[in-house]
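Trainee: Let's see this in three dimensions:
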Amino acid sequence: MNEYAFTSMVIDLCRDNDLMVHHVTDSRYTQGSAGFPDLVIMGKYNILFAELKLEQGELSSGQKKWAYGLIALAGDPSPVNYEIWTPADLESGKIARVLSWT
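Mentor: Have a look, this model is predicted:
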């Protein structure tokens, strides 16, 4: 599965769950936002930031900064969530389960 197909499938799942979704196509070229998560997903009760990876790879330094900052906001309970997803998460149903709670 390529990146475009994976991203498209996740966006379709968001829309199937009546969630608002914004895809950040390439944050490396957006001033001050290097590493910003790939998707911002908003539901009735919370907002989810999702980083999509084709395989379990290393996050860039910018991605780590965003991840640590967003995770720090995620208390219990928190309206802010952060996920790193791979195609395996799509195949296992994990992404669909998380989106159903958003």
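Trainee: Packing partners of the helix or strand bottoming out on mean pLDDT in the chain?
Mentor: Least confident helix or strand of the chain, by mean pLDDT, DSSP states H and E, is helix 61-73 with a mean of 88. Applying 3 or more C-beta pairs under 8 Å, 6 or more residues apart in numbering; DSSP states H and E, one finds that helix 61-73 makes contact with strand 47-52, strand 80-85. (C-beta placed from N, C-alpha, C; glycine too.)
Trainee: tell me the most buried of the ones you listed?
Mentor: strand 47-52 (a mean of 21; mean count of other C-beta atoms under 10 Å).
Trainee: Sheet-wise, list the partners of that one with their directions.
Mentor: Paired with strand 47-52 in the same sheet, following DSSP bridges, are strand 39-42 (antiparallel), strand 80-85 (parallel).
Trainee: how far is that strand from where the chain is centred?
Mentor: 2 Å (C-alpha atoms, centre = their mean, to the nearest Å).
Trainee: Tabulate the CA atom coordinates of it in CSV.
Mentor: In CSV, the C-alpha atoms belonging to strand 47-52 read as follows (Å, rounded to 0.1, in the frame of the first residue of the first chain):
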residue,chain,number,x,y,z
ILE,A,47,-9.9,16.5,18.4
LEU,A,48,-7.4,13.9,17.1
PHE,A,49,-4.1,14.5,15.5
ALA,A,50,-2.8,11.5,13.5
GLU,A,51,0.6,10.9,12.1
LEU,A,52,0.5,8.3,9.2
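Trainee: That's all I had, so thanks and see you.
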